[in-house]
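K.L.:
Here is my input, please return the structure:
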Amino acid sequence: MAVKIRLTRMGRKKKPFYRIVVANSEAPRDGKFLEVVGTYDPMQEPAAITLHQEKLQSWLDQGATPTTTVKSLLKKAAAVAA
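P.N.:
Prediction:
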């Protein structure tokens with residue numbers, strides 16, 4: 001079972017809000033997931049990214065791979081935090 005860290009879409013039409021979740025790679029985008037590790041709100045200025053660092057690090061240590069979009073969000077969050 002390959003585990004991915006990816007986005008799942010929430011919110012209304014034209015008002016997206018995303019959760020950063022850990023899910024099986026074969027699960028649908030808005031389907032079953034293992035754990036929520038953060039959120040991403042692109043509608044705020046600047047875009048708001050919140051992460052649960054301990055949960056995220058434990059999943060990365062276990063071998064979960066982030067998607068390209070999540071990888072870029074993690075870089076942005078690290079740049080804002082630094």
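
K.L.:
ok, and the closest non-adjacent residue to residue 29?
P.N.:
residue 8 (6.1 Å; C-beta to C-beta, 6 or more residues apart in numbering). Where you see a C-beta, it was placed from the backbone N, CA and C, and this is true even at glycine.

K.L.:
Which strand or helix spans residue 23?
P.N.:
strand 15-24 (DSSP states H and E).

K.L.:
which strands and helices sit next to that strand?
P.N.:
strand 3-12, strand 35-41 (3 or more C-beta pairs under 8 Å, 6 or more residues apart in numbering; DSSP states H and E).

K.L.:
Compare the ones you listed and give me the one nearest residue 67.
P.N.:
Nearest to residue 67 among these is strand 3-12 (4.6 Å), distances taken as C-beta to C-beta.

K.L.:
Please identify the most buried of the helices and strands packed on strand 15-24.
P.N.:
Across the helices and strands packed on strand 15-24, averaging neighbours per residue (mean count of other C-beta atoms under 10 Å) puts strand 35-41 on top, at a mean of 18.

K.L.:
Tell me the strands beside that one, with direction?
P.N.:
Strand 35-41 pairs in its sheet with strand 15-24 (antiparallel), strand 48-51 (antiparallel), by DSSP bridges.

K.L.:
Other residues contacting it?
P.N.:
5, 7, 17-22, 47-52, 55-56, 59, 73 (C-beta atoms under 8 Å, 6 or more residues apart in numbering).

K.L.:
Run through the bridge partners of residue 12.
P.N.:
residue 15.

K.L.:
Kindly provide the distance from it to residue 49.
P.N.:
To residue 49, residue 12 is 20 Å away according to C-beta to C-beta, to the nearest Å.

K.L.:
Likewise for residue 2?
P.N.:
Counting by C-beta to C-beta, the gap from residue 2 to residue 49 is 24 Å.

K.L.:
ok, now which ones touch the residue nearest the centre of the chain?
P.N.:
Taking C-alpha atoms, centre = their mean, the centroid of the chain lies closest to residue 20, which sits 2.1 Å from it. Contact analysis of residue 20 by C-beta under 8 Å, 6+ apart lists 5-7, 36-40, 51, 56, 70, 73.
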